[in-house]
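K.L.:
coords below, sequence missing:
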């Protein structure tokens, strides 16, 4: 910068940013602290701002036994359900999208544009706006309380297809021609050329879709009735009993921490891919 | 744009498209069509008979003061969430953009709330704002404020706005920071040489040049406040007290599930679809404009 900055001008951004980080992190810090104190201390409103000594006991009870009063389901099972749901949604969406994008970009056939627009229209209508009719169809198909019923309606959307289509458009035509000269058919070209080129895009998309799947709320709430099908995001809400004397807050907070951990780790660990995925899917 | 080199297989493209088309038809078009159909029907209490009633469900909706109230609640809620999360994110992004040391470190520390589920965000904020055990609630009481979101609708609204904005700051921060870094440094330096102080530079140069990003984020935030905050609201207030935090999406859920009014719920779904299509259209026009710049 051309002008000299005063000491205040250098310090101010750091102060504001630190305050911002503190505000953003405080609720989570409090949850971690909450998960290490006894239920009675929290219920009295006497919880200190530093961690207590009940962590091991609380997390053991949360994961293996479950809260004693509301839902008796241990959280380990919920974590597994959430993980399966997120994985199936992410992998499923990437798989069907890359195939359909391949068809639309690399083949000429009647109804090609019709197929593209059929998919394109689904771009921004989230499952929330067609929730009951979708519920009824899933029920009629006998898919309530099943992983298929939980994931398939969430896989039906166009974002990933559009992303792959855009990317395929930037792949040079010479690559196809070279493959053809080498005698490669559409399968070989897809497997040996296009898939390796798409690796970064697939990874970026995976990060976004994993978080999207993990954090689903309304759809799993409707579609799962059995306790052993519950995801952790649904389970945590059911632990909060209306009269808060009955809510075991230390377990609720431990569950909150466990529910946040996988997606947050994914974002921090794969920050570059995450940022890329976020920017690309919003184009 | 079209590819010149393509494969000449006849059956293969259909096979490649089949999975996605099948899922889209079954789980998207069919339910969407059902929603439209159902919005013209009235079902009796036991679901035994249905009657075609033309626009009765819609007329019923638009003559119901409760629907306007929910509409107003949604407007207030999404405006508050959008303004709050955008302004905080912009402030932080401007600070991080000032070429300070550790900008990427701050980015890491600020972006992760994106990964927190809306319902979990709601639970975290209840823990702080619950009238009997929340730390912030206790502080407010010490200041003499009778904080009680369980009975006071305004307090409940503040509560869901805080939790929803908190989660969205990271997303807005990321896009604002990218937008700021795309502004050529030479423009800002030229203004500095002309004697414009930072505050002036922000209003006359940075903010106008950032307007495409801002506009895009406004649309994204409205869509977020409309749809993705369902989990936050359900975990924190359940739409209450006395429907003070019931948004349009929450009403679709509550009327269909708890009220059993499927026709009315379907009519609301159709209206919501129209709103989303409108927002999408606005966004696409904006993106086209950005391309022609």
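P.N.:
Yep, that arrived. From a predicted model like this one, the values you see are computed outputs, not experimental measurements.

K.L.:
what comes up buried for stretch B:247-258?
P.N.:
Using 16 or more other C-beta atoms under 10 Å in any protein chain shown as the test for burial, stretch B:247-258 gives B:247, B:248, B:249, B:250, B:251, B:252, B:253, B:254, B:255, B:256, B:257. From N, CA and C alone the C-beta is placed, and that goes for glycine too.

K.L.:
what's the average pLDDT for the helix or strand hosting the third one?
P.N.:
Element membership for residue B:249, per DSSP states H and E: helix B:248-257. When pLDDT is averaged over helix B:248-257, the result is 84.

K.L.:
how about it and chain A, touching?
P.N.:
Yes - using C-beta under 8 Å from any C-beta of the partner chain, helix B:248-257 reaches chain A at B:249, B:252, B:253, B:256, B:257.

K.L.:
and the contacts of that helix?
P.N.:
With contact meaning C-beta atoms under 8 Å, 6 or more residues apart in numbering or on different chains, helix B:248-257 is reached by A:128-129, A:131-132, A:218, A:222, B:67, B:70-71, B:74, B:226-227, B:230, B:233-234, B:239, B:246, B:261-262, B:264-266, B:268-269, B:271-272, B:275.

K.L.:
just the buried subset of these, please.
P.N.:
A:128-129, A:131-132, A:218, A:222, B:67, B:70, B:74, B:226-227, B:230, B:233-234, B:239, B:246, B:261-262, B:264-266, B:268-269, B:271-272, B:275.

K.L.:
tell me which residues in the lowest-mean-pLDDT helix or strand in chain A are buried?
P.N.:
The weakest-scoring helix or strand in chain A, judged by mean pLDDT, DSSP states H and E, is helix A:39-43 (a mean of 77). Across helix A:39-43, burial judged by 16+ other C-beta under 10 Å covers A:39, A:41, A:42, A:43.

K.L.:
what do you get for stretch B:92-111?
P.N.:
B:92-98, B:100, B:103, B:106-107, B:109-111.

K.L.:
give me the pLDDT for residue A:237.
P.N.:
pLDDT, residue A:237: 84.

K.L.:
meant to ask about residue B:231
P.N.:
Reported pLDDT for residue B:231: 91.

K.L.:
low-confidence stretches in the stretch 101-250 of chain A?
P.N.:
For the stretch 101-250 of chain A, the stretches with pLDDT under 70 are A:124, A:241-245.

K.L.:
switch the cut-off to 90
P.N.:
Scanning the stretch 101-250 of chain A for pLDDT under 90 picks out A:104-150, A:153-163, A:165-167, A:169-193, A:200-201, A:204-205, A:208, A:218-219, A:221-231, A:233-250.

K.L.:
the helices in it, which residues?
P.N.:
A:112-120, A:131-140, A:147-155, A:159-170, A:173-181, A:186-189, A:195-197, A:199-214, A:218-223, A:232-239, A:249-269 (DSSP state H, counting those that start in this stretch).

K.L.:
tell me the buried residues in the longest one?
P.N.:
Spelled out, that is helix A:249-269. For helix A:249-269, using 16+ other C-beta under 10 Å, the buried residues are A:249-260, A:262-264, A:266-267.

K.L.:
near chain B, which of the residues you listed show up?
P.N.:
A:249, A:252, A:253, A:256, A:259, A:260, A:263, A:264, A:266, A:267.

K.L.:
which strands and helices sit next to the least confident helix or strand of chain A?
P.N.:
On a contact count with 3 or more C-beta pairs under 8 Å, 6 or more residues apart in numbering or on different chains; DSSP states H and E, helix A:39-43 meets helix A:249-269.

K.L.:
re the thing from before, the buried residues of stretch B:247-258 into JSON lines, with extra columns for distance to residue A:275?
P.N.:
As requested, those are exported to JSON lines (distance: C-beta to C-beta, whole Å):
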{"residue": "B:247", "distance to residue A:275": "30"}
{"residue": "B:248", "distance to residue A:275": "31"}
{"residue": "B:249", "distance to residue A:275": "28"}
{"residue": "B:250", "distance to residue A:275": "32"}
{"residue": "B:251", "distance to residue A:275": "35"}
{"residue": "B:252", "distance to residue A:275": "33"}
{"residue": "B:253", "distance to residue A:275": "33"}
{"residue": "B:254", "distance to residue A:275": "37"}
{"residue": "B:255", "distance to residue A:275": "39"}
{"residue": "B:256", "distance to residue A:275": "38"}
{"residue": "B:257", "distance to residue A:275": "37"}
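
K.L.:
quick one: which of the residues you listed is nearest residue B:7?
P.N.:
residue B:249 (43.5 Å; C-beta to C-beta).

K.L.:
neighbours of residue A:85, how many?
P.N.:
Neighbours of residue A:85 under the rule other C-beta atoms under 10 Å in any protein chain shown: 24.

K.L.:
that one belongs to a helix?
P.N.:
Yes - checked against DSSP: H, G, I helix; E, B strand; the rest coil, residue A:85 lies within a helix.

K.L.:
show me what contacts it?
P.N.:
A:147, A:150, A:151, A:213, A:214, A:216, A:220, A:231.

K.L.:
coming back round to it: among the buried ones among the contacts of helix B:248-257, name the ones in helices.
P.N.:
Members of the buried ones among the contacts of helix B:248-257 lying in helices (criterion: DSSP state H): A:131-132, A:218, A:222, B:67, B:70, B:74, B:230, B:233-234, B:262, B:264-266, B:268-269, B:271-272, B:275.

K.L.:
the strands in the stretch 1-150 of chain A, which residues?
P.N.:
Applying DSSP state E, counting those that start in this stretch to the stretch 1-150 of chain A gives no strands.

K.L.:
show me where chain B has strands.
P.N.:
Under the criterion DSSP state E, strands of chain B are mapped to B:41-43, B:50-52.

K.L.:
state the pLDDT value of the nearest residue to residue A:16 once chain neighbours are set aside.
P.N.:
Leaving aside its sequence neighbours, residue A:16 sits nearest to residue B:95 (C-beta to C-beta, 6 or more residues apart in numbering or on different chains; 4.6 Å). Turning to residue B:95, the model gives it a pLDDT of 88.

K.L.:
and for residue A:72?
P.N.:
65.

K.L.:
just residue B:290 next, same as before
P.N.:
For residue B:290, the model assigns a pLDDT of 48.

K.L.:
what do you get for residue A:83?
P.N.:
At residue A:83, pLDDT is 94.

K.L.:
enumerate every residue touching the residue nearest the centre of chain A.
P.N.:
Among the residues of chain A, the one closest to the centroid is residue A:211, at 1.6 Å (C-alpha atoms, centre = their mean). Going by C-beta under 8 Å, 6+ apart, residue A:211 touches A:86, A:263, A:266, A:267, B:114, B:115.

K.L.:
adding distance to residue A:187, write those out as CSV.
P.N.:
Shown next, in CSV, are the contacts of residue A:211 (distance: C-beta to C-beta, whole Å):
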residue, distance to residue A:187
A:86, 30
A:263, 35
A:266, 32
A:267, 35
B:114, 38
B:115, 37
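
K.L.:
what is the nearest of the residues you listed to residue A:142?
P.N.:
residue A:86 (23.7 Å).

K.L.:
gap between the nearest residue to that closest one once chain neighbours are set aside and chain B?
P.N.:
Spatial nearest neighbour of residue A:86, excluding adjacent residues (C-beta to C-beta, 6+ apart): residue A:213 at 3.6 Å. Distance of residue A:213 to chain B, computed by C-beta to the nearest C-beta, to the nearest Å: 11 Å.
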